[in-house]
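Trainee: Predicted model, plus sequence, below.
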Amino acid sequence: MNNYWAKSNPRETIVDHTEKLIENYKVFKKIYPNLNVDWDILYLSCLYHDLGKMNRKFQDKIERIKRHADEIPHGILSLAFINAKDLEEQGYSKERIKLLAQAIAYHHERDFNFDKEMLKREIELMKKEVSKFNYGRLDNIVVKKLSSKYFSMNRIYEENEEHDDEEEDIFFRYIMIKGLLNRIDYASSGGIDVEKENNFLLQNLEENLLETFRIKKPDAEWNKLQKYMIEHRDSNLIIVAQTGMGKTEAGLLWIGNNKGFFTLPLKTAINAMYKRITERIVVDDYENKVGLLHSDIKREYLTRKGEIDFDEYYNKTRQLSLPLTVCTIDQIFDFVYRYRGFEPKLATLAYSKVVIDEVQMYSPDLLAYLVVGLSYIDKIGGKFAILTATLPQIFVELLEKENIKFLKPEPFTNKRIRHSIKVVNEKLNSEFIKKVYKNNKVLVICNTVKEAQRIYGELSKDEEIAKNINLFHSGFIKKDRKRKEEEILEFGDKGKTCEGIWITTQVVEASLDIDFDILVTELSDLNGLFQRLGRCYRDRDWDKEGYNCYVFNGGDSKCSGVGNVIDEYIFKLSKEALRRIKGPITEDEKIKLIDSIYTMEKLKETDYHKKLIDAVEYVKLIESYEKSASEIKKIFRNIESKTIIPKPIYDKCDDKIDGYIKTLKQECDKEATLEERKMIKEEKLEARINLDDFTLSIPLFRAEKHLLEKKDISNYEFIEIFDCDYNDKTGIIYKPKDNVKADSTSYEERSW
Amino acid sequence: MKENKKAVRLKLYQNMANYKKPTSFQLKETYPLPPYSTIIGMVHSLCDYKEYKDMEISIQGKYHSKVNDLYTRYEFKNGMKFDSARHQLQVGEFGISRGISTVELLVDVELLIHIIPHDQSLVEEIEKAFLYPREYPSLGRREDLVIIEEVKVVDIFEEELEEDIELREDYIAYIPLNMIKDESIVVDGGDNGIKNRGTRYKITKDYKRINHGTANSPKMFRTWNNKVDVLYSSHITAVEDAVVLKDVDNNIVLKA
């Protein structure tokens, strides 16, 4: 009796699996009793979703008797168990039954490939099985093909008409049910709780942060920004606040005891924030409270392998079960394309609060995703707060155009003066850097990797300086990059005084907690410039004569990267706006300068504007479910780069690299026990991370030539060796012939 | 059983046919099924009606493929003088250009048509007209011959369905849009991301003659009365609990 399997490895019956879902359903409902979702339909969808697995063909597959090529997806077969007549008699409307049927039919996103006759036959066959099936929660099971009235192989699409408040868009109701069913199902399969309640963050903030401030200063209180965020927890917010105002804390205070997502543009910054939160704020039991989500989390988690259950923690994070998640926007905002299977994400955001930090870092297409994404979050009931040092006005205007409601208070600044700017009407040169280098920590930021390498090369010729300079940009293999990151963080630590020069690209622009004495930079655009200023005198007052920030605007010519990666017109506007700036500058002045440039009006003619508007339109025009998740991944990450191993690295470490590849290729024995499988999995994971350490991503056009050897990892995956020079001081140097398009290289790779 | 009426049901076959879409000239395109007006025209012609008889029509069917064929095209132009150097026919001093053009043809057309005259006393007459046609029947162009495979007078009635009725899987039909909107008829979804499966047409049905001249020298023009909003689609299901019109042989009648 009841020996119908739902899962293999380990085997689990349909009844047991369904019971797990119902447990998780209860957990979920207890945490969010007031959530706007049709609880009854959600319950029914948990109850019915896997009953279709009762068919012989599915059972044969689990029992390893045979795989049938003409197996009908069990989601469709489960529909035969919905007793629509009965439900209607109980008072369920046709709409609600439709939602139930849709959620069940599509709970796995698979292509349907069967005809109606096959379906009918299969349902007939299932009738026999049912007589042997017993489940206390279901009495008088009737198996019958579900009428097309409720389901006809179609989908529920977004409705364009406006809705009364009473009558909610069925599209969003569907997302809630299907999304949460998925969440509950995945969690139950993975043996984790669907949600962990956030009942700690406020307390942790008070005890672990405020109390420590009070040790130094007994009357310490949250500042006015943080108080504002506390008072406006129920609103969408757009906050402009200068660096050093405690934006991170403000964001966390706004999230309060709710489920929250904290997004940042750079992986480096995300790792740093994750570390800060888990080490200083949410200290105990962090693996049940805080997650880290970007394309490279396995590596981060693996470093904590000793203290956590890697698999479980990873699972919980991927399933968005944790109360607080620090992540990149691509991890959550890819739902804007409404690809097949996007529902769990948007449904989760319906009861979450999303903090978006440093929006000015995002390129036009990513800003467009934000605009569209925020409008969906707003519609489905979630909340967002944008926290940023500088805010392009045009972004605000776009949000208003989408009818998104938000509060935008006056910028939070203070009267402190941290920067004194000198605009130099020249191209960036190394001689100048030598002059300011004395007892100072100097940060040089160039617009392109090539320019950074050039400056580095020039300075290295000076023997005295050579030992004190470092170069950091995106053209390093992962291993070197990570080391450099650690070094610059250590070197740039607030408390540390020493002398030395770091030459970088905009990899350091945002959210890196580093503090230098002197900034020498090329001009890219105002936004970027003020970000760069934030890395110098981060939280100190400037009370000396002279300057601490030198901006080279290229003089009569352009700075590197302008015209290729930096919009020429915006560069020109920025250059002009800076003309009258000399000496100390307040935070208010900075914000006013930005506001004066990044308006819809001023930017109307630019490429930037066009790209932004086009991207918003493009995303909106895509029909829901048109694309698959993997297609979206490609579009969203705008993959125009290729991961390679530089030849000099391969030559040096080929035995290691080949060894890792061998490990990755090895296959799991069919008879292997669970333990053995787990071991192999971990081994592979470690090999993958180690292999990854030797790689570097380069722009696709660079990769056209000089690819040497292809190393297969699996049938679908390979890695290539690229002919170039490389050393751990200067990074990648391309073969000279290809330098035609030099400037357009990697201004900076995308943040992920 | 609310409405109990009679209809003349026809099963027709055409080897090739063109039901011309208005506004297609260079290539005479065809509708995928004959429009209501084309059927009504055939009925009127065979019955030799000289004035319009109100009737409702349901059209379902299929075709096997499409081909393009050539035809002779005559071009008339107001006041065009005859030019012997061109391919023209001479009509007095005027010329009519003659050339070739392309026409799109449906191949192996099979139709299931219900004709429901408003005046039910005409049923027998119409049946006769198809049983014993007064001349060769055609549908589409004059040369698009029709083979009449069956003529049958059937009872039709409205019924609340106990369970879904699926139309023949290979049959396509003009489904009046109101039946889609009230969801008594459902068409299966196509592929992911395709919101509406089928093609929407506004199909002509009947016309009025409107005088644009004076009482003494009338200039009569035809003006289409009401065009019918339809969805042209296949994989059609009439759903349970819906009230739909069917004939005695369980065929759904999609009348307009």
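Mentor: Happy to help now that I have it.
Trainee: is chain A contacted by the helix or strand that B:F157 is a member of?
Mentor: B:F157 belongs to strand B:147-160 when elements are defined using DSSP states H and E. No: Strand B:147-160 stays clear of chain A (C-beta under 8 Å from any C-beta of the partner chain), getting no nearer than 12.3 Å. Any C-beta I mention is one placed from the backbone N, CA and C, and that applies to glycine too.
Trainee: Pull the residues that contact the following helix or strand past that strand.
Mentor: Later in the chain than strand B:147-160, the nearest helix or strand by DSSP H and E is strand B:165-166. With contact meaning C-beta atoms under 8 Å, 6 or more residues apart in numbering or on different chains, strand B:165-166 is reached by A:K116, B:I236, B:T237, B:A238, B:V244, B:K246, B:N250, B:I252.
Trainee: What's the mean pLDDT across strand B:165-166?
Mentor: Regarding strand B:165-166, the rounded mean pLDDT is 91.
Trainee: how many neighbours does residue 176 have?
Mentor: No chain specified, so I'll use chain A. 25 (other C-beta atoms under 10 Å in any protein chain shown).
Trainee: not what I meant, chain B
Mentor: Neighbours of B:P176 (other C-beta under 10 Å): 18.
Trainee: How about the one 5 residues further on?
Mentor: Other residues within reach of B:K181 by the criterion other C-beta under 10 Å amount to 11.
Trainee: what's the spacing between it and A:I72?
Mentor: Between B:K181 and A:I72 the computed distance is 31 Å (C-beta to C-beta, to the nearest Å).
Trainee: what stretches of chain B score poorly on pLDDT?
Mentor: Filtered on pLDDT under 70, chain B yields the residue ranges B:1-3.
Trainee: what residues does the stretch 51-200 of chain B put near chain A?
Mentor: B:163-164, B:166, B:169, B:183, B:186-189, B:192-195, B:197.
Trainee: As a check, name the ranges of all strands in the stretch 151-300 of chain A.
Mentor: For the stretch 151-300 of chain A, the strands defined by DSSP state E, counting those that start in this stretch occupy A:237-240, A:259-263, A:290-293.
Trainee: Tell me which of those is the most buried.
Mentor: When you average the neighbours per residue for each of these (mean count of other C-beta atoms under 10 Å in any protein chain shown), strand A:259-263 leads with a mean of 25.
Trainee: The stretch 251-400 of chain A against chain B: which residues are in contact?
Mentor: Proximity of the stretch 251-400 of chain A to chain B (C-beta under 8 Å from any C-beta) is limited to residues A:R340.
Trainee: what separates the closest residue to A:N223 other than its chain neighbours from A:F262, distance-wise?
Mentor: What sits nearest to A:N223 in space, not counting adjacent residues and going by C-beta to C-beta, 6 or more residues apart in numbering or on different chains, is A:G246, at 6.2 Å. According to C-beta to C-beta, A:G246 stands 14 Å off from A:F262.
Trainee: Can you find the residue of the stretch 451-600 of chain A that comes nearest to chain B?
Mentor: Nearest to chain B in the stretch 451-600 of chain A, going by C-beta to the nearest C-beta, is A:M600, at a distance of 31.7 Å.
Trainee: ok, which stretches of the stretch 101-250 of chain B are helices?
Mentor: B:123-131, B:177-181 (DSSP state H, counting those that start in this stretch).
Trainee: ok, back up a step: in the residues of the stretch 51-200 of chain B next to chain A, find the pair that's most separated.
Mentor: Greatest spatial distance among those (C-beta to C-beta): B:E163 and B:G193, at 30.2 Å.
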